[in-house]
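>>> build the 3D model from these lines:
(2 chains)
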Protein chains: 2
Amino acid sequence: MEIVACLREKIMSIKFDFTLVAEDSKARAGLLRTAHGDIETPIFMPVGTLGTVKAMHLKDVLELGSQIILGNTYHLYLRPGQEVLKKFGGLRSFINWEKPILTDSGGFQIMSLSKLTKVTDKGVYFQSHLDGKKIFLTPESSTQFQHILGSTITMQLDECIKYPALRTDAENSTNLSIEWAKRSREAFINRPGYGQFGIVQGSDFEDLREISCNELTKIDFEGYAIGGLAVGEPQDVMFDTIIKTEKKLPKHKPRYLMGVGKPDDIIGAIKRGVDMFDCVLPTRSGRNGQAFTSLGPINIKNSKYKFNKNPLDQDCFCYTCKNFSNAYIHHLIKSKEILGASLLTWHNLSFYMNLVKRARESIISNSFKEFEKNFLKKYNFKSNV
Amino acid sequence: MEIVACLREKIMSIKFDFTLVAEDSKARAGLLRTAHGDIETPIFMPVGTLGTVKAMHLKDVLELGSQIILGNTYHLYLRPGQEVLKKFGGLRSFINWEKPILTDSGGFQIMSLSKLTKVTDKGVYFQSHLDGKKIFLTPESSTQFQHILGSTITMQLDECIKYPALRTDAENSTNLSIEWAKRSREAFINRPGYGQFGIVQGSDFEDLREISCNELTKIDFEGYAIGGLAVGEPQDVMFDTIIKTEKKLPKHKPRYLMGVGKPDDIIGAIKRGVDMFDCVLPTRSGRNGQAFTSLGPINIKNSKYKFNKNPLDQDCFCYTCKNFSNAYIHHLIKSKEILGASLLTWHNLSFYMNLVKRARESIISNSFKEFEKNFLKKYNFKSNV
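Prediction:
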C-alpha cells in the first residue's frame, strides 16, 4: 500500500505553483498548487502545533474546509521527536492528514521562549521547556527536520524579535535572518510540489524591511512570509509594516503573514496584499470561552448567556451553531467540560475559514471594499456599544 | 417547530415496555420500548454526568450506536440548575440528544461525596462540592427534578453504602431505600413511554437483598436496578450478590446493574441475567491513557508504544482504530492533548458497545457460553503473561 501511495504521489506530482486568480486593488485571490493538494487564497491555516489542532478531530477540521494546517518544528522536535517521525515517513502520515502542511521553523520560539534560548550566529540554543535538555537548532537542522516532517511548505529559520525593538536589535535580527535564509535554502532539498518560504524581518523600520525583501528575493524562495508581526504592536503599525513590506515582494509569489491575527487584522492584511494566515486565536480563545461572531467577539462565560437559547452567531451555519445554544456552551465552559472547548473551537475555526472564503469571493467579484465595509461595520458594532 | 415536535411525540407515544427476545440459560436479550426510542438489551449506557459524555461529541456517541445515555441528578441540579433545564424543556433538548436518557437519582453521591453529606429519614443534605452551598435532596425533590430533566428512565432516590458494610448499616440503608422507593414512586408522574426504576440495596446480605426485592416489586416499578455494587467489592462477591438478587426480581422487567464495570464484570453479569449497564470506566480511563482491547486493557503511555504502528485493537473497526496508530495516541496522551482523550474514549466506548452487542447476538443465536469463553480467553491472555 505504501508503494502504491508513493507511486501515486510521483505520478500526480506537480510543480509548486502560485497563480493569481483575481485582484481587487491590492487584495488578491490566488491558487497555490502543491504536491498534497490545492490551496485557495486568501487562506487561514489552523494551528496544529504538536500534530493536532487542539480540541478538534482532524476529520472535523477537514469538514470545515481546511486546505492546509500548521505544525511546529521546535515542539515536534521535542515530541514525538525525529526518530518517530522518520519511522512514520513524516507528520502527515503520523497524524493521518492527507492535505498540505506548513511547518514553522522554530524562529518564533526564539522570542516566545526567550528565557530559555541563546542565539549565536551559528544557531540557537534552546533549553527544552519540558525537561531542561539542551537543543541546538540551526538553519540547517531546522530545514532537515522539516524535511523529515515532509512539510509541504518549509519555513526558513529566522530570528523573531519583540515590538518595540531598538534599531540595533532590529538590524542584527534582520541581518542574521538573511544569513540564515541563505543557509536554510542551501539545506533545503526541493521536491516537485514542495516549497520553502523566506521570512522578512526588520521590525517597523522601512529600510530594514526593504533590505530583507531584497536579499530574500535574490535567494528566490517559493513564497515569502512577513515575520516579526503579531508581537505586541498596535494594528496601525502592523498595517503600516505590511504596506512597507508588500511593495517590495514579488507579485507572483504567495505572501504569508505569520501569527496574525484577529478577524479585523486579517481583513486589513488581505486588503494590503497578504494571501496566507495562521493564528492560535480561534483555537486558544475557544478553549478559554471566547467566540468570534459576526457581531464581534463574545465571552460565553458571561452570566447573561445562562438562559440564552440563541446560537453563538445567527449568521453562522457551523455544526455548533446549527445544534447548540449559548446556554449549553456556557454550561459546558463553566463546568470545564472538554466539549465546551471543542464546540467553541469548531465555531471559531469555521468563522475564520468563512471569513477568508468570503473575502476571496468578494475579490473575485471585485467587491472586496464593500465586503470589508459591511464586515467591519457589523463586527465593530457590539464592541462599540 | 416545538409544537410539531410535541405533536409528533404525542402521536408516537408508546407504552414503556420490555420484551424478552431470547434467553440463553440466565442470559437475556430484550427490547425496551420507550417514548424516545427502542433500546436493545443487553445495553451499555455511556455516562454523561453533566449533560456531556466527556471528551466526545454527542453526534459521535450516536454514530457509535448508543441508544441511551446517562445524566446525573445531583450534578445537573448544581449546574446548569433547574431553572435553565425548565426553560429548555428538559435535558434532551438542552444537550440536543434525541434518544432516551436515564438519570441517576443522587443516591450514589451520598456515598461518593460522603464527607459532604448528612442522611436523615427525610432526605440527604449535601454541601455542594463546588461552592459549599447546602442542598437538601429528598425522594420527592429528586423525582421532581428528574421530571424537569424529562428523563426517559427516572431512578428512585436510594442510599448507596460502601463495601464491606456492617450488618446494621446495611439493614438501615436497605430499609431507608425501601421507604424512599415508596416516596419516589408517589412523587413520580408517569407519562406514556417513560419509566421509573427501583433500586435494590442490601450489600452482600442475601436476606436483605431479598427483603429489598420483595418490597420494591410490591411497588411495581417499570424496572429494577441492582445498587450497592461497584463499591469496592471483589468480583466474586459482585457475581454472588447478582445471583442472590436476580432470582427475586420479576422476569419480565429490565434489570440494571448500576456503575458496573470492567468488561469481564459486564460479561459475568449478563451471564447472570442483567440487562443494562453504565460505568465511567471507558470514558474516565480514556482520559487517563487506558484502552480496553480484545487482548485486555493496555496503558498507551507505556514507552513501548512510542514507535508502534498498530491500532489499539486489531479486532476493532472504530474510527480511532481505523485511522490512528498507537504511536500517535501515545504522543497525544503524553503531550496532554485533548485529542488523545477523545480518541481513546471513542475507542473505549466502541469496545463496550460492541461487547454488549456481540453478547446480545450470541444470546439470540444461543451461543452465549461460547462467546463468553472465547472473549475471556483472549481478554485475560495478556494480563496473565
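>>> quick one: the helices in the stretch 151-300 of chain A?
A:167-187, A:206-219, A:235-246, A:263-271, A:281-287 (DSSP state H, counting those that start in this stretch).
>>> whether stretch A:269-280 contacts chain B - can you check?
No - using C-beta under 8 Å from any C-beta of the partner chain, stretch A:269-280 never reaches chain B; the gap is at least 14.2 Å. Glycine gets a C-beta too; all of them are placed from N, C-alpha and C.
>>> what does the stretch 201-350 of chain A have sitting close to chain B?
Residues of the stretch 201-350 of chain A lying near chain B by C-beta under 8 Å from any C-beta: A:306-307, A:309, A:319, A:323-325, A:327-328, A:330-332, A:334-335, A:337-339, A:341-342.
>>> which ones among those residues map onto helices?
A:319, A:323, A:327-328, A:330-332, A:334, A:338-339, A:341-342 (DSSP state H).
>>> so what secondary structure elements neighbour the host helix or strand of A:K377?
Using DSSP states H and E, A:K377 sits in helix A:368-384. Other helices and strands packing on helix A:368-384, by 3 or more C-beta pairs under 8 Å, 6 or more residues apart in numbering or on different chains; DSSP states H and E, are helix A:263-271, helix A:338-364.
>>> show me how chain A divides into domains.
A:18-279, A:281-385 (automatic domain parsing).
>>> in CSV: these, plus mean neighbour count and mean pLDDT.
Converted to CSV, those look like this (neighbours: other C-beta atoms under 10 Å in any protein chain shown; pLDDT from 0 to 100):
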stretch, mean neighbour count, mean pLDDT
domain A:18-279, 20, 97
domain A:281-385, 19, 96
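>>> what's the span of stretch A:126-146, first residue to last?
End-to-end span of stretch A:126-146 (C-alpha to C-alpha, to the nearest Å): 17 Å.
>>> contacts for it, please.
Applying C-beta atoms under 8 Å, 6 or more residues apart in numbering or on different chains, the set of residues contacting stretch A:126-146 from outside is A:73-74, A:76-79, A:82, A:103, A:105-106, A:109, A:113, A:116-117, A:122-125, A:154-157, A:180-181, A:183-184, A:186-188, A:196.
>>> on that earlier part again, to B:F371, which of the domains of chain A lies closest?
Closest approach to B:F371 among the domains of chain A (C-beta to C-beta): domain A:18-279, 32.1 Å.
>>> ends of the closest one, how far apart?
22 Å.
>>> and the closest residue to A:F205 other than its chain neighbours, how close does it get to A:R183?
Excluding its sequence neighbours, the residue lying closest to A:F205 (C-beta to C-beta, 6 or more residues apart in numbering or on different chains) is A:A170, at 5.4 Å. A:A170 sits 20 Å away from A:R183, taking C-beta to C-beta, to the nearest Å as the criterion.
>>> repeat for A:K253
Relative to A:R183, A:K253 is positioned 20 Å away (C-beta to C-beta).
>>> now swap in A:T217 and tell me
Using C-beta to C-beta, we find A:T217 at a distance of 17 Å from A:R183.
>>> now do the contacts for A:G232.
Counting by C-beta under 8 Å, 6+ apart, A:G232 has contacts A:162-163.
>>> make it 6 Å
A:Y163 (C-beta atoms under 6 Å, 6 or more residues apart in numbering or on different chains).
>>> swap in A:G150?
Here A:G150 is in contact with A:90, A:92 (C-beta under 6 Å, 6+ apart).
>>> list phi and psi for the residue of the stretch 101-250 of chain A found nearest chain B.
The stretch 101-250 of chain A approaches chain B most closely through A:L130 (9.4 Å), counting by C-beta to the nearest C-beta. Dihedral angles of A:L130 (phi, psi; degrees, to the nearest 10) stand at phi -100, psi -50.
>>> with the one 5 residues further on instead?
According to degrees, to the nearest 10, the main-chain angles of A:I135 amount to phi -130, psi 140.
>>> next one: it from A:H129, what distance?
Taken as C-beta to C-beta, the span from A:I135 to A:H129 is 10 Å.
>>> ditto for A:T154
From A:T154 across to A:H129, the span is 23 Å (C-beta to C-beta).
>>> those residues of the stretch 1-150 of chain A touching chain B, which are they?
Residues of the stretch 1-150 of chain A lying close to chain B (C-beta under 6 Å from any C-beta of the partner chain) are A:50, A:52, A:55, A:79-80, A:84, A:87, A:94, A:96.
>>> need the max-distance pair from those.
So, the residues of the stretch 1-150 of chain A next to chain B by C-beta to C-beta: farthest apart are A:A55 and A:K87, at 27.1 Å.
>>> what sits against A:I363?
Shown here is A:I363, whose contacts under the criterion C-beta under 6 Å, 6+ apart are A:22, A:24, A:27, A:29.
>>> hmm, try it at 7 Å
A:22, A:24, A:27-29 (C-beta atoms under 7 Å, 6 or more residues apart in numbering or on different chains).
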